[in-house]
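>>> The following comprises the amino acid sequence and a computationally predicted model.
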There are 2 protein chains.
Amino acid sequence: MERVVRVFEAFDPETPSLSVGELAARANLPGSTASRLVDQLVTYGLLRRDAQRRVRIGVRMWELAARASPTQALREVAMPFMEDVQAIVGHHTQLGLREGHEVLFVERISARGAVANITKVAGRLPLHASSGGLVLLAHSPPAVLEAVLNGPLRAYTDATITDPVMLRRVLADVRQQEFALGAGYIDPAATGVAVPIRDPRGRVVAALSIVVPNDHQAIAGVGILRTAARGLERTLRGPARS
Amino acid sequence: MERVVRVFEAFDPETPSLSVGELAARANLPGSTASRLVDQLVTYGLLRRDAQRRVRIGVRMWELAARASPTQALREVAMPFMEDVQAIVGHHTQLGLREGHEVLFVERISARGAVANITKVAGRLPLHASSGGLVLLAHSPPAVLEAVLNGPLRAYTDATITDPVMLRRVLADVRQQEFALGAGYIDPAATGVAVPIRDPRGRVVAALSIVVPNDHQAIAGVGILRTAARGLERTLRGPARS
């Protein structure tokens, strides 16, 4: 089973298709083993071969994962509120969860002509380097927080926070102000703004964020995001208390 | 590997969580085998245990499937156009692909207060029983078409087409008119309207559809869907020819 997992992990948002040789190299498997596993997984529809005989994730794999996905319920509740934010702000709107020491983006709505944005649906970023990540990190268990503070803090730009003392101070502000603002952390031309999404028990389960140009009034996004977050949280609580 | 596939296939949109015993029964596996497979898959994050110790699909499984998904590119292109339709029509808007003899819904936008709709994201319906399915069936390879016409045609309501002669005639109309309209095929109170989405080579790759109440002017939806479909198809062709 571990080899099957390695085959799946060979794919990422930047490399959605691989030759069998590339796949074998990425999965660290002998070519003959990779070839046999691919044949089996294609039979089950979990992988497929495209017109150029390159291997891709199959629709069946997506279906199995999506139809019982733990993120699907949150995505469906969040989508109308994300559309509201997108309609008002006119820039990227995204929803992220914490997975380990990274933020995993489970949904994104983009506008034509919006500022560049490196995040993708099912893409990841380190927690310290994005506004959504800062919100999630600020509300992480102590063990996660300490591990991130002790680990290497990768610099994407001169503005990325790489000093653990500074990061700890920023996280205290995020907790107190209930939003995070990251100007140029990943792209010098873009500012991220994020607010927490809490489940009915008050735990932070996601971050709702926008990515806007630096000259945009990013701080005005805080109120918009908070308004959408309240609607989203009320829907999560269900009709009885809405 | 086949047993792993059976474990995943035990989940569906109506049963997103299972006890190990339920999972063993659904996957037709001995309890001890199911228990061991679940433990392994939880280790890799492909399954997870919730607070009630019930087994669910893991976020990691969703991530692996979604980030290189063959449906992701189409979904991302389609989403703004689906939002446009949703904003104008105010009812369910959905995007379906043909998978075998069924339509697989890869995206859905719903409105509060919209008519009931049994489709779900990553849910399926038989091709003959929904407007999106009729569009996809009308443009299916001859082998698929004949298999569906020869197979049992399940009746959901009195209005579902179950006569192969009638179905063949309806499909000819769908091909000629470039839309399908299904009144009460699945729910007596709902009408589906669908149009084809063609790739740059002119092949029908998806169906864009709405589900509206029967008293709604469903036929007015055809023009709205066609307008959105043209924009979507132009985006699929890329900037050079837009």
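It's in.
>>> By mean pLDDT, flag the weakest helix or strand of chain A.
helix A:59-67 (a mean of 82; mean pLDDT, DSSP states H and E).
>>> Could you list every helix and strand in contact with that helix?
helix B:59-67, strand B:92-99, strand B:102-109 (3 or more CB pairs under 8 Å, 6 or more residues apart in numbering or on different chains; DSSP states H and E). The way it works is simple: take the backbone N, C-alpha and C, and place the C-beta from them, glycine included.
>>> Now with 10 Å, please.
Contacts defined by 3 or more CB pairs under 10 Å, 6 or more residues apart in numbering or on different chains; DSSP states H and E place helix A:59-67 against strand A:47-49, helix A:72-89, helix B:2-9, strand B:55-57, helix B:59-67, strand B:92-99, strand B:102-109.
>>> could you give the angle of that helix to helix B:2-9?
40 degrees (axes from the mean of the first three to the mean of the last three CA atoms, to 10 degrees).
>>> re earlier: relative to B:Ala34, which of the helices and strands packed on helix A:59-67 is closest?
helix B:2-9 (7.0 Å; CB to CB).
>>> Next, the buried residues of the closest one.
B:Val4, B:Val5, B:Arg6, B:Val7, B:Phe8 (16 or more other CB atoms under 10 Å in any protein chain shown).
>>> overlap between the residues you listed and the residues near chain A?
Restricting the buried residues of helix B:2-9 to those touching chain A (CB under 10 Å from any CB of the partner chain) yields B:Val4, B:Val5, B:Arg6, B:Val7, B:Phe8.
>>> residues in contact with the second one?
Right, the one you point to is B:Val5. Applying CB atoms under 10 Å, 6 or more residues apart in numbering or on different chains to B:Val5 gives the contacts A:Val4, A:Gln40, A:Leu41, A:Thr43, A:Tyr44, A:Gly45, A:Leu46, A:Arg60, A:Met61, A:Leu64, B:Ala27.
>>> Quick check, the fifth one in contact with B:Arg3.
No - in this structure A:Tyr44 lies outside contact range of B:Arg3 using CB atoms under 10 Å: 11.5 Å.
>>> For A:Thr119, give me the pLDDT.
Model confidence at A:Thr119, given as pLDDT, is 64.
>>> swap that for A:Leu153, sorry
94.
>>> How many residues are close by it?
For A:Leu153, the neighbour count with other CB atoms under 10 Å in any protein chain shown is 18.
>>> quick one: it from chain B, how far?
When distance is defined by CB to the nearest CB, to the nearest Å, A:Leu153 is 23 Å away from chain B.
>>> beta partners for the residue most central in space within chain A?
Among the residues of chain A, the one closest to the centroid is A:Phe105, at 1.7 Å (CA atoms, centre = their mean). Judged by DSSP bridges, the bridge partners of A:Phe105 are A:Gly96.
>>> A:Pro213 now?
A:Ala190.
>>> so who does A:Asp173 touch?
A:Asp173 touches A:Leu134, A:Ala138, A:Phe179, A:Ala180, A:Leu181, counting by CB under 10 Å, 6+ apart.
>>> Which of the helices or strands spans the residue of chain A most remote from its centre?
The C-alpha centroid of chain A is most remote from A:Ser32, which lies 34.6 Å away (CA atoms, centre = their mean). Using DSSP states H and E, the element containing A:Ser32 is helix A:31-43.
>>> Dump that helix to PDB, restricted to CA.
C-alpha atoms of helix A:31-43 as PDB (Å, rounded to 0.1, in the frame of the first residue of the first chain):
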ATOM      1  CA  GLY A  31      10.500   1.300 -13.700                       C
ATOM      2  CA  SER A  32       8.900  -2.100 -14.000                       C
ATOM      3  CA  THR A  33       7.100  -1.800 -10.600                       C
ATOM      4  CA  ALA A  34       5.900   1.700 -11.500                       C
ATOM      5  CA  SER A  35       4.600   0.400 -14.800                       C
ATOM      6  CA  ARG A  36       2.700  -2.500 -13.200                       C
ATOM      7  CA  LEU A  37       1.200  -0.300 -10.500                       C
ATOM      8  CA  VAL A  38       0.100   2.300 -13.100                       C
ATOM      9  CA  ASP A  39      -1.600  -0.500 -15.200                       C
ATOM     10  CA  GLN A  40      -3.500  -1.700 -12.100                       C
ATOM     11  CA  LEU A  41      -4.500   1.800 -11.000                       C
ATOM     12  CA  VAL A  42      -5.700   2.600 -14.500                       C
ATOM     13  CA  THR A  43      -7.900  -0.500 -14.500                       C
END
